[in-house]
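J.: quick one: sequence plus predicted model below, questions after.
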Amino acid sequence: MKGKQLALYTFGVFRAPANDAVNQGFHDRNDRNLVAVELSEGFIARSGYDDEPGPESWGEQVFPRFYVERGDGWSPSTLSLWKDLASPMAFSYAGIHAEALRHGREWFLKPAWPPYALWWVEWDHTPTWTEAVKRHEFLHDHNASPFAFDFKTAFDEEDRPTTIDRDAVKRNIRLNEERQNGVSQLTV
């Protein structure tokens, strides 16, 4: 038995329609972020999107009730699988993704909802977009629990409250820097 893997769903709402010039910085970084995530320590897989080249979509892409239609029919969201808690934290808060987070207020509405949700799944289970939205909305409605949680109030594979190994995060950041060297200059 391989244990469990960690699912991560992220969701944001643009301030303006997706193609508005104000979002160009997001679009300029998006493909590089997708390359960087796939090079990250502990990354297992990510869902693609039905209308784009890349990985297969994990079901029909749906959005939580917080979605605001801007006339373009979509909102930035991701769904991925990781081997542990330290890995997505290392990716999220360092490197090219952290640089993009610093600009987030330029592109996204300040959320009244969680920007992401985490939960554990069996090793042979691939979560769907529908499942991710259900967990995300649950986190918003009920706060962190083993069903859906965040990095601040995390749970381990056995549904017990836990803290994230900061040394593992630092090790993963160093590994990611080595693996992702040059990604920020990449023209995708």
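T.: Nice, I can see it. As the structure is a prediction and not an experimental result, all values here were calculated from the model.

J.: where do the strands sit along this protein?
T.: In chain order, the chain shows strands spanning 4-11, 43-46, 77-82, 116-122, 154-155, 161-162, with DSSP state E as the criterion.

J.: against W123, how distant is the closest residue in space to A112 that isn't next to it in sequence?
T.: Spatially, and ignoring its direct neighbours in sequence, A112 is nearest to F66 (7.3 Å; C-beta to C-beta, 6 or more residues apart in numbering). Every residue, glycine included, has its C-beta placed from N, CA and C. Counting by C-beta to C-beta, to the nearest Å, the separation of F66 from W123 is 30 Å.

J.: ditto for L139
T.: Distance, L139 to W123, by C-beta to C-beta: 23 Å.

J.: more neighbours, those two?
T.: Ranked by neighbour count (other C-beta atoms under 10 Å), L139 and W123 place L139 first, with 23 against 12.

J.: next one, pLDDT for that one please.
T.: Residue-level confidence at L139 comes out at 98, pLDDT.

J.: surely it and D150 touch.
T.: Yes - contact between L139 and D150 holds when scored by C-beta atoms under 8 Å: they sit 7.0 Å apart.

J.: so what sits against both of these two?
T.: Shared contacts of L139 and D150 (C-beta atoms under 8 Å, 6 or more residues apart in numbering): 114, 117.

J.: tell me the buried residues in stretch 112-125?
T.: In terms of neighbour count (16 or more other C-beta atoms under 10 Å), stretch 112-125 has its buried residues at 113-120.
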